[in-house]
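Peer 1: quick check, what structure comes out for this input:
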Amino acid sequence: MSLERFSSQNKFQGPPRALEGRRENGRGLSLSAMVASLRHRNFRLFIFGQAISLIGTWMQSVGLSWLVYRLTHSSALLGLVVFSTQLPVLLLATVGGTIADRYSRHKIVIATQLASMLIALTLALLTLSEAIQIWHVFVLAATLGTINAVDIPARQAFVVEMVGRQDLTNAIALNSSVFNGARIVGPAVAGVLVAAIGEGWCFFANGISYTAVIAGLLRMKLPPAERRPLSGSARQHVVEGFRFVWRTKPIRAVLLLLGITSVAGMPYVVLMPVFADEILHGGSTGLGILMALSGIGALAGALFLAARPGLHGLGKRIAASSLGFGSTLILFGLSRLFWLSGLFLVGVGFFMLSQMASSNSLVQGMAPDHLRGRIMAVYSMMFLGMAPFGALLAGFLAQRIGAPLTVMIGGACCVVAGAIFGSRLASMRAEVRRLIIDTTLETP
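Peer 2: The predicted structure follows:
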């Protein structure tokens, strides 16, 4: 169908509805707008299952960190376990994206959730039987990372199949809200369980929690997914995704900014124990409070984005969020007062989540469906795959120039990158509009 025919049939005047966003009686915020994507039964099944499963995921994360520390008393090995979990995302996400574009994303997500459940239950069995060794942890962490390399692109691309394009931004924001709500609840529950009955039960609880999301996925009713046949080799499919991202200026710009933020800004989390203990003198209790405040800020950012559905203004929001994230990181690095640092961390979490979720929404809004899995694989590489290198770099710098200055340098990089991105928004507006129209026409 030509653009002219589409315009005449639909009285198309100006940008598509997805670009304009939904306005409720002229007001920017409304409860109905915040939960718009929940009107889709499939997404309700998914999000409620995710809410339970993600609490278990955060419980396992805390329990695993404590287990590694108990076995080795090595902070270096703590970092290496995280590295071994996230490195496969960088190396294999493009393969996962190709799989997501070739096969049913629904079935892929079911398979990866089952595999993740098996990893958690294996970890629980080894720990509860007291047979666990550090090499077991590394093997299971790397295996989980490999599963995530397939799961993340498929799950990100699957969202649009559950809610459609109109509610995509709201669905991504609500999913982020659930993630950050679990980020607050999960570690608190894990702390009690670890102290009372040990890490193994955290892993067991996580394994059982996967039944909620798997049950939701199995109960979904989805129309037959249309997939374009992919001709050529797997290498050609991967290259096709990279080529589209590189040649598409708006997507390339959003993902480059995301990669800079991941490398320069996100490592503040790795240095939080140093701030809590040596800079702010809050100890382990202070660390828990600071991390919770960052999570509260991220939850607020997700709810703020959920209340503003549609793609209108997301480019400006991404630029502003990068500037805000970098600025609050600089202020956090300067602060020596515990309560003031906590206040800045609320801002850090808010702007961080706003940039990540807005980037996800805008990239998906511009992505053609037959390339969506591969494009979201590149998104995963920039968001998660680059993070381990940023963590290693931050740890190296912090040993030489101190944690506060390291965080401030990272914040300054985010500010500069956000300013450059913002200065180029006007030159990309026409192409963003064309991409959104093209992908809207592509969708049945």
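Peer 1: what distance separates the start and the end of stretch 367-387?
Peer 2: Stretch 367-387 has its terminal residues 24 Å apart, counting by CA to CA, to the nearest Å.
Peer 1: let's verify L311: helix, strand, or coil?
Peer 2: coil (DSSP: H, G, I helix; E, B strand; the rest coil).
Peer 1: state the distance from the nearest residue to it once chain neighbours are set aside to V239.
Peer 2: Excluding the flanking residues, the one nearest L311 by CB to CB, 6 or more residues apart in numbering is G365, at 4.6 Å. Glycine gets a C-beta too; all of them are placed from N, C-alpha and C. Going from G365 to V239 by CB to CB, to the nearest Å gives 24 Å.
Peer 1: quick one, which of these two is more surrounded?
Peer 2: G365 (22 against 14; other CB atoms under 10 Å).
Peer 1: and that one, how far is that from R247?
Peer 2: 18 Å.
Peer 1: what do you get for R102?
Peer 2: R102 sits at a distance of 22 Å from R247 (criterion: CB to CB).
Peer 1: and these two? Which one has more around it.
Peer 2: A direct count of neighbours by other CB under 10 Å for R102 and R247 places R102 higher, at 18 against 9.
Peer 1: got the buried residues for the strand or helix carrying R317?
Peer 2: Element membership for R317, per DSSP states H and E: helix 314-334. Neighbour-count burial for helix 314-334, counted by 16 or more other CB atoms under 10 Å, picks out 314-315, 317-333.
Peer 1: any idea which helix or strand comes after it?
Peer 2: helix 338-366.
Peer 1: and that following helix, what does it pack against?
Peer 2: Helix 338-366 is packed against helix 134-163, helix 168-197, helix 249-260, helix 283-306, helix 314-334, helix 372-380, helix 425-442, with contacts defined by 3 or more CB pairs under 8 Å, 6 or more residues apart in numbering; DSSP states H and E.
Peer 1: distance between that helix and the chain's centre?
Peer 2: What separates the centre of helix 338-366 from the centre of its chain is 11 Å, taken as CA atoms, centre = their mean, to the nearest Å.
Peer 1: likewise for stretch 389-406?
Peer 2: For stretch 389-406, the distance to the chain centre is 23 Å (CA atoms, centre = their mean).
Peer 1: now stretch 255-270
Peer 2: Counting by CA atoms, centre = their mean, stretch 255-270 comes out at 12 Å from the chain centroid.
Peer 1: alpha carbons of that stretch, in CSV - could you do that?
Peer 2: Provided in CSV are the C-alpha atoms of stretch 255-270 (Å, rounded to 0.1, in the frame of the first residue of the first chain):
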residue,chain,number,x,y,z
LEU,A,255,22.1,3.1,20.6
LEU,A,256,25.5,4.9,20.7
LEU,A,257,24.3,7.1,23.4
LEU,A,258,23.0,4.1,25.3
GLY,A,259,26.4,2.4,24.9
ILE,A,260,28.2,5.4,26.3
THR,A,261,25.9,5.6,29.2
SER,A,262,26.3,1.9,29.9
VAL,A,263,30.1,2.1,29.9
ALA,A,264,30.6,5.5,31.6
GLY,A,265,27.6,6.0,33.9
MET,A,266,26.2,2.6,34.9
PRO,A,267,29.4,1.4,36.8
TYR,A,268,28.4,3.6,39.7
VAL,A,269,26.5,0.5,40.9
VAL,A,270,29.7,-1.5,41.2
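Peer 1: so which residues make contact with that stretch?
Peer 2: 79, 245, 291, 294, 318, 322, 325-326, 329, 332, 348, 352, 355-356, 359, 363, 378-379, 382-384, 386-387, 389-391, 393-395, 406-407, 409-411, 413-414, 417-418, 421 (CB atoms under 8 Å, 6 or more residues apart in numbering).
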